[in-house]
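**Student:** let me see the structure of the following:
(2 chains)
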Amino acid sequence: MLLRMLRQSFFEGRRRKALAATTVALAATLITALFALSVDIGDKMAREMKSYGSNIRVTPKGDAMPLMIGGVDYNPLKGRDHLNERDLPKIKDIFWRNNIVGLAPRLSLPVRIEGGKDAGAEATLTGTYFSHVVPLPDDPDYRTGVRVINPLWRVDGVWPDDSPDGGATDTILVGHTLAARLGIATGDSLTLVPADNQAAARPVSVSGILFTGGPEDDSMIAPLKLAQELSALPGKVQSVDVSALTIPENELSTKARRDTEALSTEEYDIWYCTAYVSSIAHQIEEAVVNAAARPIWQVAAGEGAVIGRIQTLLLVVSLAAIAAAAMSVSALMNTTVMERAREIGLMKALGAAPWEIHLLFIGESLIVGLIGGVIGLAAGAGVAQLVGWSIFGAGVEIQPITIPVVLVVSVLTVLAGSVLPARSIAALLPVEVLHGRR
Amino acid sequence: MAAAKSTAPRRSAGRGRLGMFLHLILRSLTARNGRLGIALAAITVGAAVVSSLTNLYFDISIKMSEELRAFGANVIISPHKTEQKKAGSDRGVDAARLTEALHALPKDKLLGGSPFLYGLVRLDLANAVLVGVDFPGLRTISPYWQVQGSWVSANFDERNAMVGRRLAESMELTVGKTVTITNADRTIRHPVTVRGIIDTGDAEDDQIFVNLSLAEKILNLPGKADFMMASVVLQANEADIVTARLGAEFPDLDIRPIRKISQADGQILEKIQGLMALVAGVILVITTLCVNATLTAMVAERTPQIGLQKAIGASNRDIVVQFLSETAVIAVVATALGLGFGFLLAQALGQAVFSAWVTFRPIVIPLTLFLSLAAALAASILPVRGAIRIAPARVLRGE
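**Tutor:** Have a look, this model is predicted:
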């Protein structure tokens, strides 16, 4: 009997049910899209935050204190410790290897520039990777360098090519303030004379002018190999900048940072297996012999603060929107039930028990909620992808948990909207209802 | 009730029609309490969400620029490079001049700033870079510094210092220990107590920080500073405009945004705004559609009434006008309520996310009103049009 009534109620009021299901679907679309976005936003923004540059710096452990004032180092380069270039792939082989976005080594030395307008000027030359192939065990063609970890660097001209085969090692970039000061333009030929190794002078050509907004604007950037040859330090680097995706710091990571020994075994495991900037730095130290990896707090801490805010923002907005959508669905269901007051009265007059009436409405709500929920899930996933692609240029991952959450919320809102008025109508006397007093 | 009234005097058809019209609207607004409540609630909630989101959207840029100051200073004020070279050994500029420029930045947007004066000194064990700063100002532009111990709180304090982590490690300094700063020509020896140890992961880890006044004495550069760093809340391309204007006011100084930070700020802000716009757009459309569906159901339910009105001689136009005015009245009242709730909701959201109040923007009123009215009228016009096409007899029979 119940099934027949359900079927009839659907065939008779097809338009009404369609309208209800559409509304539920719309609300479910909203919930799915916002839920998916809220879950994924942290990751997405963390990637965007990479435009502030790298967040971990790796230096040799016993490195002598640099005495840098205004870009001039009062400590000579000699006698300093160095890292081995061949150890770099190990950084990309730690537990959190997939969170390492990129890395770029640095080797700086003072040089004298011959050629150009202002011959004899002194400047700093930094060797690094531009887009260098660093063969990894699981990815022999892995490319990394400053072009990956500093997405905001801009070159007027072309980037030097530092690929292993046939990459020219005698092209450099000149920072724009230095270029303006010395009257250097793209295509110029210069001769670089290392300050403490006159014999190693090399002719180079300027392939472009570099705009970074940082101290690099007042220096020259060259392929690492060139800097190694000029400084007579083959296979060595001074420091490595690492860009890693991390999650905001919390109490545990602060405690770990003060003293790793103070953590209990359990806490240590949790800390080690979470992508805190401090645990990633710790793992790099473990992987590379004689290295000290330190978070660059300007980037790491700033990132945490901003991402936390954005996550709360989206979450709170989503909750408000979901509440509104749920109320809307309930209101609609309320109307459609009130409209059927006569039907309920008739059922009662014919001897239906209140629970039977409730069961009818619950059954209807379940069906409407589920149909609407499923359609909404599909549409919401589409909307989330749309937002993801248009803002971040990447799809949004839909977590499996979204499916039960959305379905339950859809059914609950429909139930809340239909069962309550049905109850109050069912509580009335049949005569009153049929007479139209209600 | 409608039938009884329609036999009213026909002498002045215009007045009678108007009276009837007003009567119908008044009755439908007063007699059907339950449904009226639902319609009101639906539009009110919709309007509240729309208006609060729009309010929040207009505020998001300024609020997030404040948040982005977690990255520290974004404006640098320094003497021109060429002038510095000409001056030769006579380093730095008047600290007072830098402070003057700092205070010329827009007051309500300036978070703080500090002068910097660098010099080479000898500590107990080895040489180190000494930095003279204004500690209270430095604290505002360095929110990301990880400090063990505490900050030096006053800018006249000449007994305390803060030391970078790597320097502290190599000199075996801990919080509370005393270290003697000796200047290059060994004429001044000044003991200071380590108040805090700084960890930034950057160059600061190798430096020792004291108040500017002390650094000037030790380095024998009275009243001088190398440059000034400031943290200013700036949106999008404001950085260039503000610094250019200030540069014109102080032609002797080089005032620039710190590109590395301000560019990244701009990019992040753009993303957040885009995200917020899209999310608000999606919410707006879906909420409007939900309100629409609710109203559609309510008007469709009144099909019998429409049939009755037609049967006793109401023209199609009369019915459409009546329903639309009715909806419009409900929509206006609900929007007014919704604007009120929306403002409260926006404040709640602002407090929850940014711990700050959200500014009310007048543009929100016409926007919300327009959207609510459009949604409500669109919702009623379709079912009413559908209903008036049907023959009265069929409607009344209950088809």
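**Student:** kindly list the single helix or strand of chain A that scores lowest on mean pLDDT.
**Tutor:** strand A:72-73 (a mean of 60; mean pLDDT, DSSP states H and E).
**Student:** which outside residues touch the helix or strand just after that one?
**Tutor:** Using DSSP states H and E, the helix or strand that follows strand A:72-73 towards the C-terminus is strand A:83-84. By C-beta atoms under 8 Å, 6 or more residues apart in numbering or on different chains, the residues outside strand A:83-84 that reach it are A:58-60, A:105, A:235-240, A:288, A:290-291. Where you see a C-beta, it was placed from the backbone N, CA and C, and this is true even at glycine.
**Student:** what sits against the residue in the stretch 101-250 of chain A that chain B sits nearest to?
**Tutor:** Of all residues in the stretch 101-250 of chain A, the one sitting closest to chain B is residue A:213 (2.3 Å; C-beta to the nearest C-beta). Applying C-beta under 8 Å, 6+ apart to residue A:213 gives the contacts A:152, B:258, B:259, B:260, B:261, B:262, B:263.
**Student:** buried subset of the contacts of strand A:83-84?
**Tutor:** Restricting the contacts of strand A:83-84 to buried positions leaves A:58, A:59, A:60, A:105, A:236, A:237, A:238, A:239, A:240, A:288, A:291, with burial counted as 16 or more other C-beta atoms under 10 Å in any protein chain shown.
**Student:** which residues pair with the fourth one across the strands?
**Tutor:** Residue A:105 forms beta bridges with residue A:240, as assigned by DSSP bridges.
**Student:** do the same with the fifth one
**Tutor:** According to DSSP bridges, the residues that bridge with residue A:236 are residue A:84.
**Student:** next: the first one.
**Tutor:** The residues listed as beta-bridge partners of residue A:58 by DSSP bridges are residue A:240, residue A:293.
**Student:** quick revisit: distance to residue B:102 and pLDDT added to the buried ones among the contacts of strand A:83-84, as TSV?
**Tutor:** TSV is the format used below for those (distance: C-beta to C-beta, whole Å; pLDDT from 0 to 100):
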residue	distance to residue B:102	pLDDT
A:58	36	88
A:59	34	85
A:60	38	84
A:105	38	92
A:236	43	87
A:237	39	90
A:238	35	87
A:239	33	88
A:240	36	91
A:288	42	87
A:291	40	86
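**Student:** any weak-confidence spans in the chain?
**Tutor:** No chain in the question, so chain A it is. A:1-2, A:9-13, A:62-80, A:115-119, A:164-168, A:428-429, A:432-438 (pLDDT under 70).
**Student:** look at chain B instead
**Tutor:** B:1-17, B:27-35, B:81-91, B:236, B:390-399.
**Student:** only C-alpha atoms, please: export the helix or strand where residue A:179 lies in PDB.
**Tutor:** Assigning secondary structure by DSSP H and E places residue A:179 in helix A:176-182. The C-alpha trace of helix A:176-182 is given here as PDB (Å, rounded to 0.1, in the frame of the first residue of the first chain):
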ATOM      1  CA  HIS A 176      68.600  45.000 -14.100                       C
ATOM      2  CA  THR A 177      70.000  47.500 -11.600                       C
ATOM      3  CA  LEU A 178      73.600  46.300 -12.300                       C
ATOM      4  CA  ALA A 179      72.900  46.300 -16.000                       C
ATOM      5  CA  ALA A 180      71.600  49.900 -15.800                       C
ATOM      6  CA  ARG A 181      74.600  51.000 -13.700                       C
ATOM      7  CA  LEU A 182      77.200  49.500 -16.000                       C
END
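**Student:** how far off centre is that helix?
**Tutor:** 35 Å (C-alpha atoms, centre = their mean, to the nearest Å).
**Student:** which positions in the stretch 251-399 of chain B make contact with chain A?
**Tutor:** B:258-264, B:267-268, B:271-272, B:274-276, B:278-280, B:282-283, B:286-287, B:289-291, B:293-294, B:296-298, B:300-301, B:345, B:349, B:352-354 (C-beta under 8 Å from any C-beta of the partner chain).
**Student:** coming back round to it: state the pair within the contacts of residue A:213 that is farthest apart.
**Tutor:** A:152 and B:258 (12.4 Å; C-beta to C-beta).
**Student:** number of nearby residues for the residue of chain B found nearest chain A?
**Tutor:** Closest approach between chain B and chain A, counting by C-beta to the nearest C-beta: residue B:259, at 2.3 Å. Using other C-beta atoms under 10 Å in any protein chain shown, residue B:259 is surrounded by 17 other residues.
**Student:** now do the contacts for it.
**Tutor:** By C-beta under 8 Å, 6+ apart, residue B:259 lies in contact with A:211, A:212, A:213, A:214, A:217.
**Student:** related to what we said a few turns ago, so what strands line up beside the helix or strand following the helix holding residue A:179?
**Tutor:** Using DSSP H and E, the helix or strand that follows helix A:176-182 in sequence is strand A:189-194. Sheet pairing of strand A:189-194 (DSSP bridges) gives strand A:100-114 (antiparallel), strand A:202-211 (antiparallel).
**Student:** show me the one of these that comes nearest residue B:387.
**Tutor:** strand A:100-114 (61.0 Å).
**Student:** which elements pack onto the helix or strand just after the closest one?
**Tutor:** The first helix or strand that comes after strand A:100-114 along the chain, using DSSP H and E, is strand A:121-128. In terms of contacts (3 or more C-beta pairs under 8 Å, 6 or more residues apart in numbering or on different chains; DSSP states H and E), strand A:121-128 is packed against strand A:100-114, helix A:176-182, strand A:220-223, helix A:224-230.
**Student:** same thing but at 10 Å, please
**Tutor:** Using 3 or more C-beta pairs under 10 Å, 6 or more residues apart in numbering or on different chains; DSSP states H and E as the contact test, the elements touching strand A:121-128 are strand A:72-73, strand A:100-114, helix A:146-149, strand A:171-175, helix A:176-182, strand A:189-194, strand A:220-223, helix A:224-230.
**Student:** now do the second one: distance to the chain's middle.
**Tutor:** Meaning strand A:100-114. For strand A:100-114, the distance to the chain centre is 27 Å (C-alpha atoms, centre = their mean).
**Student:** do the last one as well
**Tutor:** The chain centroid and the centroid of helix A:224-230 are separated by 34 Å under C-alpha atoms, centre = their mean.
**Student:** next one: the fourth one
**Tutor:** Its chain's C-alpha centre lies 31 Å from the corresponding centre of strand A:171-175 when counted by C-alpha atoms, centre = their mean.
**Student:** tell me who's in contact with residue A:49.
**Tutor:** Neighbour list for residue A:49: A:55, A:243, A:245-246, A:299-300, A:302-304, A:306-307, A:310, B:71, B:264, B:267-268, B:271 [criterion: C-beta atoms under 10 Å, 6 or more residues apart in numbering or on different chains].
**Student:** at 8 Å instead, please
**Tutor:** Contacts of residue A:49 (C-beta under 8 Å, 6+ apart): A:299, A:302, A:303, A:306, A:307, B:264, B:268.
**Student:** repeat for residue B:181
**Tutor:** Here residue B:181 is in contact with B:121, B:122, B:123, B:130, B:161, B:189, B:190, B:191, B:192, B:208, B:210, B:218 (criterion: C-beta under 8 Å, 6+ apart).
**Student:** buried stuff in the helix or strand that it is a member of?
**Tutor:** Assigned by DSSP H and E, residue B:181 falls within strand B:178-182. Buried residues in strand B:178-182, counting neighbours by 16+ other C-beta under 10 Å, are found at B:179, B:181, B:182.
**Student:** tell me, how many residues neighbour residue 189?
**Tutor:** Let's take chain A. Counted with other C-beta under 10 Å, residue A:189 comes out at 11.
**Student:** sorry, I should have been clearer: chain B.
**Tutor:** Going by other C-beta under 10 Å, the residues that sit close to residue B:189 add up to 11.
**Student:** for residue A:188, same thing?
**Tutor:** 17.
**Student:** wait, isn't it in contact with residue A:205?
**Tutor:** Yes - the criterion here is C-beta atoms under 8 Å, and residue A:188 meets it with residue A:205 at 7.1 Å.
**Student:** about what we covered before: now for the strands paired with strand A:189-194, which one comes closest to residue B:147?
**Tutor:** Nearest of those (C-beta to C-beta): strand A:100-114, 27.0 Å.
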